[in-house]
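# return a 3D structure for these sequence lines:
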Amino acid sequence: MNKRFLVPLLASTLFAGAPAFAESKDMLIEIYRIVPGKHEEFLRHLALLDQANAEAGLPPRQLYVHQDGASWDFVLIQPAHTTDEQDAKLAAAFKKLGIPGGAKFFVNFRTMIAEHTDTFVEQTTAAEYLKKLE
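Just a heads-up that it's a prediction; the model follows:
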């Protein structure tokens, strides 16, 4: 099983032994500052990636659009794990939709990004997390 990296980058095998997608509370938070003039292109690319997710039986990313305040443009939140079966379906959807994979994905995607950060988090509550301290 795999952790999803960026926007899924064909769900690269980064960490083995992760729980199945539906069972995990691990999430990936991505914060993007987009190259000026590339916002629409970035959104269209995200829509295509979400279409690939739908074809692979995965949910779309949660998208948050900047309104006022900090310097980021978009925040994406998505589950951090996929299964091998989901990875195969996602790769097939990428191919069908003409989304490049591997290094070509990175090169294409980075033309739209001025800056980004990725953070893996656990979705929980204070009470649930405090139980881990006992």
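# which residue ranges form the strands in this protein?
For the chain, the strands defined by DSSP state E occupy 2-3, 26-34, 62-65, 74-79, 81-82, 113-122.
# now these as TSV including mean pLDDT, mean neighbour count and distance to Lys95?
No exception for glycine: its C-beta is placed from N, CA and C like everyone else's. What follows is those, written out as TSV (pLDDT from 0 to 100; neighbours: other CB atoms under 10 Å; distance: least, CB to CB, whole Å):
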stretch	mean pLDDT	mean neighbour count	distance to Lys95
strand 2-3	48	22	18
strand 26-34	97	19	23
strand 62-65	98	12	24
strand 74-79	96	19	21
strand 81-82	90	24	16
strand 113-122	96	14	23
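# tell me, how many neighbours does Thr83 end up with?
17 (other CB atoms under 10 Å).
# pLDDT at it, what is it?
We note a pLDDT of 92 for Thr83 in this prediction.
# ok now stretch 68-83, how far from the chain's centre?
Centre-to-centre, stretch 68-83 and its host chain are 8 Å apart (CA atoms, centre = their mean, to the nearest Å).
# for the strands of the chain, give me CSV that also has distance to Phe105.
Shown next, in CSV, are these (distance: least, CB to CB, whole Å):
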stretch, distance to Phe105
strand 2-3, 15
strand 26-34, 14
strand 62-65, 19
strand 74-79, 15
strand 81-82, 16
strand 113-122, 12
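# can you tell me which of those strands is nearest to Ala93?
Distance to Ala93, taken as CB to CB, is lowest for strand 81-82 among the strands of the chain, at 12.2 Å.
# direction included, what does the closest one pair against?
Strand 81-82 has its sheet partners listed here by DSSP bridges as strand 2-3 (antiparallel).
# which strands or helices does the longest helix seen in the chain pack on?
For the chain, the helix with the greatest residue count under DSSP state H is helix 39-55. With contacts taken as 3 or more CB pairs under 8 Å, 6 or more residues apart in numbering; DSSP states H and E, helix 39-55 sits against strand 74-79, helix 84-97.
# can you list the residues that contact that helix?
7-8, 32, 34, 59-61, 63, 73-74, 76, 89-90, 92-94, 96-97, 99, 109, 112-113 (CB atoms under 8 Å, 6 or more residues apart in numbering).
# which among these end up buried?
Neighbour-count burial (16 or more other CB atoms under 10 Å) applied to the contacts of helix 39-55 gives 7-8, 32, 34, 61, 73-74, 76, 89-90, 93-94, 99, 109, 112-113.
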